[in-house]
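Q: just to be clear, the model below is a prediction. Sequence and coordinates:
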Amino acid sequence: MGQPGDNRERSRTTPHVRTYQLQRLEHLFARFSQKCDSLAAWITETKAFFKKDNIAEADLNELLGKIKSDDAFDTDMGIHRERLDQIANLAQDMVQQGFSKAAEVAARSQAMNGLWENLLVARTKHREDLEQARETQEKIDTMRLESRRRLIRSTTG
């Protein structure tokens, strides 16, 4: 220890360590970007499905099937929520390590949270629309059944 060679060894190691850290951060950034792109695409597709789902023209059986599928969708939402959490963790890690693109990472992470919130609003509206349509179809079916019963009573009575 204390020999001049030791200081040179440390100075040669430090740039290598820093290079490794930068490469690791760039790798994290690539993973972060890929996860953001993938989740954003899924959110966009899901919101588009909610908008185009033809609830108004569905009969009661179709609506019950849609509601059952919507219930199963909760599992899918949970999986994608975990992906959003992974994105947030990657972003936090890069920001804490002083990544040169930390502001971009933080903004993208915040944008992903905004997309998720918009999805939750769209999903809630879709579910409410399904439930309202189901209630309407149940009332219509009940009215048809009562009408048939009255018709049968009037023709047999």
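A: Cool, got the structure.
Q: now do the same for Lys35: its pLDDT.
A: Looking at Lys35, its pLDDT stands at 97.
Q: scratch that, Thr14 is what I was asking about
A: Looking at Thr14, its pLDDT reads 84.
Q: before we move on, which element is it in?
A: Following DSSP states H and E, one finds Thr14 within helix 4-52.
Q: immediately after that helix, which helix or strand?
A: Later in the chain than helix 4-52, the nearest helix or strand by DSSP H and E is helix 60-96.
Q: the helix or strand following that next one packs against which elements?
A: Using DSSP H and E, the helix or strand that follows helix 60-96 in sequence is helix 102-156. If contacts are counted by 3 or more CB pairs under 8 Å, 6 or more residues apart in numbering; DSSP states H and E, helix 102-156 sits against helix 4-52, helix 60-96. Quick note: C-beta positions are derived from backbone N, CA and C, even for glycine.
Q: mean pLDDT lowest where, among those?
A: helix 4-52 (a mean of 83).
Q: just give me how far that helix sits from the chain centre.
A: 21 Å (CA atoms, centre = their mean, to the nearest Å).
Q: now for it, which elements pack on it?
A: Looks like helix 4-52 contacts helix 60-96, helix 102-156 (3+ CB pairs under 8 Å, 6+ apart).
Q: need the per-residue pLDDT for the closest residue to Val95 other than its chain neighbours.
A: Once flanking residues are discounted, Val95 sits nearest to Ala102: 4.6 Å by CB to CB, 6 or more residues apart in numbering. pLDDT, Ala102: 94.
Q: distance of Ala102 from Ala30?
A: Distance, Ala102 to Ala30, using CB to CB, to the nearest Å: 15 Å.
Q: give me the buried positions along stretch 80-89.
A: 80, 83-84, 87 (16 or more other CB atoms under 10 Å).
Q: which member of these is positioned nearest Gln23?
A: Checking the buried residues of stretch 80-89 against Gln23 by CB to CB gives Ile87 as the nearest, at 20.6 Å.
Q: alpha carbons of stretch 24-36, as CSV, please.
A: Output of stretch 24-36 as CSV, limited to C-alpha atoms (Å, rounded to 0.1, in the frame of the first residue of the first chain):
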residue,chain,number,x,y,z
ARG,A,24,-25.9,-0.6,-16.9
LEU,A,25,-28.0,2.6,-16.9
GLU,A,26,-28.3,2.6,-20.7
HIS,A,27,-29.4,-1.0,-20.5
LEU,A,28,-32.0,-0.1,-17.8
PHE,A,29,-33.1,2.8,-20.0
ALA,A,30,-33.6,0.4,-22.9
ARG,A,31,-35.7,-1.9,-20.7
PHE,A,32,-37.6,1.0,-19.3
SER,A,33,-38.4,2.3,-22.8
GLN,A,34,-39.4,-1.2,-24.1
LYS,A,35,-41.7,-1.7,-21.1
CYS,A,36,-43.3,1.8,-21.5
